[in-house]
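Trainee: Sharing a model prediction with you, sequence too.
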Amino acid sequence: MRIGILQTGHSPDEVRDDLGDYGQMFTRLLDGHGYDFTIYSVVDNQFPDGPGAADGWLITGSKHGAYEDHDWIPPLEELIRDIRDANLPLVGVCFGHQIIAQALGGKVEKFDGGWAVGRQVYDINGEKIALNAWHQDQVVKLPEDARVFASNDFCENAGLMIGDKIMTIQPHPEFTAQMIDALIKYRGRGNISDDVLSHAEDGLAQVIDADKFADQMADILNKGDR
């Protein structure tokens with residue numbers, strides 16, 4: 001089964017050789033589920049021919065905002081709608097969560113409550129799941145027919161199901177403690193408050209449920225094989 005990864009950003013230059021780029025983080029997270037992957041760096045205007053280029057799709061995180069004026073965002077939104085119309089599975093993470101919501105009629109804003117950084121606990125379908133996060137933007141208006149399946153006190157709309165083949169999630173199941181530590185060092189200092197970063201550092205050794213959530217992602221992506 002072919003999964004197309006739409007890469008919308010790049011990991012910090014300082015750690016890319018060791019930790020990989022954003023697309024590679026997802027190939028590691030989903031290793032063992034029997035997928036073949038093709039990574040399209042849409043942030044660099046590398047797009048597939050259309051939704052039929054893969055059996056299922058995944059959109060990564062990014063340092064960019066879904067509402068920003070970049071030449072690759074309108075064609076990405078068009079591709080998202082084409083994937084939906086083709087009834088193919090689609091998973092979006094962080095920026096991916098936000099751009100899917102926006103493309104399908106929702107709204108994304110910079111959250112005035114600040115940043116979520118590092119380990120966060122979410123209510124996901126009634127179960128407490130811990131995942132790493134790195135975001136300030138949030139989905140504030142849902143697309144039509146979207147259902148919230150993940151939330152916490154900081155992020156009300158942390159996970160959306162749109163129909164039965166589109167799943168989006170605000171935190172980063174693909175981010176390890178090493179990646180959060182790198183983001184703190186290379187992108188957080190001077191941009192995010194020291195209190196928020198220190199709290200995130202204190203949680204780096206705590207367990208997260210990335211593998212458990214990866215199985216939920218695979219349940220969606222596998223609908224492309226039915």
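Mentor: Ah, there it is. Numbers count the residues shown, from 1 in each chain.

Trainee: Same question for the helix or strand of the chain with the lowest mean pLDDT: list its buried residues.
Mentor: In the chain, the helix or strand scored least confidently by mean pLDDT, DSSP states H and E is helix 16-19, which has a mean of 92. Neighbour counts over helix 16-19 (16 or more other CB atoms under 10 Å) mark Leu19 as buried. (Each C-beta comes from the backbone N, C-alpha and C, glycine too.)

Trainee: pLDDT score assigned to the most centrally placed residue in the chain?
Mentor: The chain has Val93 as the residue nearest its centroid, 1.2 Å off, counting by CA atoms, centre = their mean. Per-residue confidence at Val93 stands at 98 (pLDDT).

Trainee: and if you look at Asp225?
Mentor: 72.

Trainee: so the nearest residue to Ile166 once chain neighbours are set aside bridges to which residues?
Mentor: Among residues not flanking Ile166 along the chain, Leu90 sits closest, at 4.7 Å (CB to CB, 6 or more residues apart in numbering). Leu90 has these beta-bridge partners by DSSP bridges: Trp57, Ile166.

Trainee: From what I see, Leu90 and Ile100 are in contact.
Mentor: Yes: judged on CB atoms under 8 Å, Leu90 makes contact with Ile100 at a distance of 6.8 Å.

Trainee: residues making contact with the least confident helix or strand of the chain?
Mentor: With CB atoms under 8 Å, 6 or more residues apart in numbering as the test, helix 16-19 has contacts from His10, Ser11, Met25, Thr176, Gln178, Met179, Ala182.

Trainee: go again using 6 Å as the cut-off
Mentor: Residues from elsewhere that reach helix 16-19 (CB atoms under 6 Å, 6 or more residues apart in numbering): Met179.

Trainee: Could you do stretch 111-130 as well?
Mentor: When contacts are defined by CB under 6 Å, 6+ apart, stretch 111-130 is touched by residues 132-136, 138, 149-152, 154, 158, 171, 180, 192, 196, 200, 203, 206, 208-209.

Trainee: List the contacts of Phe37.
Mentor: If you count contacts by CB under 6 Å, 6+ apart, Phe37 has them with Ile3, Ile5, Thr27.

Trainee: And the strands in this protein?
Mentor: Here the chain has its strands, by DSSP state E, at 2-6, 36-40, 56-59, 90-93, 107-110, 116-124, 127-135, 137-141, 146-151, 159-162, 166-169.

Trainee: Just send those strands back as JSON lines, with distance to Tyr67 too.
Mentor: JSON lines is the format used below for those (distance: least, CB to CB, whole Å):
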{"stretch": "strand 2-6", "distance to Tyr67": "18"}
{"stretch": "strand 36-40", "distance to Tyr67": "22"}
{"stretch": "strand 56-59", "distance to Tyr67": "16"}
{"stretch": "strand 90-93", "distance to Tyr67": "15"}
{"stretch": "strand 107-110", "distance to Tyr67": "6"}
{"stretch": "strand 116-124", "distance to Tyr67": "18"}
{"stretch": "strand 127-135", "distance to Tyr67": "14"}
{"stretch": "strand 137-141", "distance to Tyr67": "8"}
{"stretch": "strand 146-151", "distance to Tyr67": "18"}
{"stretch": "strand 159-162", "distance to Tyr67": "17"}
{"stretch": "strand 166-169", "distance to Tyr67": "16"}
